[in-house]
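Colleague: Pasted the sequence and its predicted model underneath.
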Amino acid sequence: QVQPVESGGGLVQTGGSLRLSCAASASNFNLYVMCWYRQAQGSQRELVAHITPRGGTNYADLVKGRFTISRDSAENTSYLQMNSLKPDDTAVYYCSARQRISGADYWGQGTQVTVSS
């Protein structure tokens, strides 16, 4: 079983940057699609970006050009580089590891990102 652990959240001003990390304790990291979601207060959880084991990426329209997802198989870690942050990016950011064959999702506990205006 995989247990993702997020880190890197915090408070940043508009226009600033943060890098989130997701360490996944997995015996075979390359079996998992790594995803980043976010949930703002009072809103539903939404997919921000995902990256396949081969490095294929996809982004929500709201973050294209500002966020970059990556993964390091040697470290069993996924990253979300967030630039040009806006107050609307304020949310709890969650990492999930999706097993490619079973489709099972394993979630982290979330990390708070707050962007001040």
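Modeller: That came through fine.
Colleague: Looking at the residue nearest to Arg38 when sequence neighbours are not counted now. What's its pLDDT?
Modeller: Counting by CB to CB, 6 or more residues apart in numbering, Arg38 lies nearest to Ala91, which is 3.8 Å off, once chain neighbours are set aside. To be clear about C-beta, it is placed using only N, CA and C from the backbone, and glycine gets the same treatment. Looking at Ala91, its pLDDT reads 98.
Colleague: Confirm for me that Ala91 is in contact with Gly42.
Modeller: No. Taking CB atoms under 8 Å as the definition, Ala91 is not a contact partner of Gly42, at 10.6 Å.
Colleague: Have a look at the two and say which one is more surrounded.
Modeller: Neighbour totals were compared for Ala91 and Gly42, and Ala91 leads with 22 against 5 (other CB atoms under 10 Å).
Colleague: Against Ser17, how distant is that one?
Modeller: Look at Ala91 and Ser17: by CB to CB, to the nearest Å, they are 16 Å apart.
Colleague: ditto for Ser117
Modeller: Counting by CB to CB - Ser117 and Ser17 are separated by 16 Å.
Colleague: Same question for Gln1.
Modeller: Applying CB to CB to Gln1 and Ser17 gives a distance of 33 Å.
Colleague: Show the pLDDT at Val115.
Modeller: Reading off the model, Val115 has pLDDT 98.
Colleague: Please apply the same query to Ala26.
Modeller: So Ala26 comes in at 77 (pLDDT).
Colleague: in the sheet, who's paired with the residue nearest to the spatial centre of the chain?
Modeller: Among the residues of the chain, the one closest to the centroid is Trp36, at 2.8 Å (CA atoms, centre = their mean). Beta-bridge partners recorded for Trp36 (DSSP bridges): Ala49, Cys95.
Colleague: Would you mind pulling the contact partners of stretch 110-117?
Modeller: Here stretch 110-117 makes contact (CB atoms under 8 Å, 6 or more residues apart in numbering) with 6-14, 16, 18, 20, 38-39, 82, 85-94.
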